[in-house]
Every structure is written in C-alpha cells, then in structure tokens.
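K.L.:
Predicted model follows, preceded by the sequence.
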Amino acid sequence: MRFITKEEIKKAIEEVKGGWQYKADRPFSDHHGDWYLRVVSAERVWDNGMKEYVTWVYNASVGGLGEGRYTFSKEIAEEDYRTK
C-alpha cells in the first residue's frame, strides 16, 4: 500500500483538460483493500460565470479518473461527494 498525494490527483485532473480545479478528495471507503481509490471533487467556471461541478473516482492503480458525475448544482455535487 502506498500514500496517494494531492499532487498526483491534481495532475490527473489537469490531464482531463477543460479548466477543472481540484477542490477536495477523500478515501473511497474505510476498507484497507480500497487504498488506491479516492473520491475527488472539482469545479470549473465557464466564460459566462456559471460554475460546473464534478465528482470522480481516482484509481491510483491505473492512474486515472472515472465515474464522473457532472452538474451545475453545488448541492448535488456536494451530496455526490459525500455519498459516492
């Protein structure tokens, strides 16, 4: 088992393109076997000022983000981050 750094997650977000900014991350679960999974929250601001939010699962074993849920609702994004 290894420690996943914020820099590692931020790099994965940058690779997605589109101006996404890291907001937070947390363990996917309390199970020790899930050490390589993190739930990630990010947002971006469109040219018209609207904010879009996403929650992803970061998988350190493959080095990428998946299972994205995109929304313009901050409340939905926060709920998804807590419950994903």
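P.N.:
Yep, that arrived. Residues are numbered from 1 along each chain as shown.

K.L.:
I figured residue 72 hits residue 49, correct?
P.N.:
No - Residue 72 is beyond contact range of residue 49, at 11.7 Å (criterion: Cβ atoms under 8 Å). In short, each C-beta sits where N, CA and C put it, glycine included.

K.L.:
These two: which has the busier surroundings?
P.N.:
Neighbours were counted for residue 72 and for residue 49 using other Cβ atoms under 10 Å; residue 72 has more, 11 against 6.

K.L.:
Any chance of the backbone angles for the more buried one?
P.N.:
Here is the backbone geometry of residue 72 (degrees, to the nearest 10): phi -100, psi 0.

K.L.:
if I pick it, what's in contact with it?
P.N.:
50, 51, 52, 53 (Cβ atoms under 8 Å, 6 or more residues apart in numbering).

K.L.:
got it, and residue 57?
P.N.:
28, 37, 38, 39, 40, 65, 66, 67, 84.

K.L.:
Swap in 10 Å and give it another go.
P.N.:
Taking Cβ atoms under 10 Å, 6 or more residues apart in numbering, we find residue 57 in contact with 28, 37, 38, 39, 40, 64, 65, 66, 67, 68, 69, 84.

K.L.:
Ok, residue 7 next?
P.N.:
Per Cβ under 10 Å, 6+ apart, neighbours of residue 7: residue 22.

K.L.:
who touches stretch 42-55?
P.N.:
Outside stretch 42-55, the residues touching it (Cβ under 10 Å, 6+ apart) are 9-10, 13, 16, 18-25, 39-41, 56, 65, 67-84.
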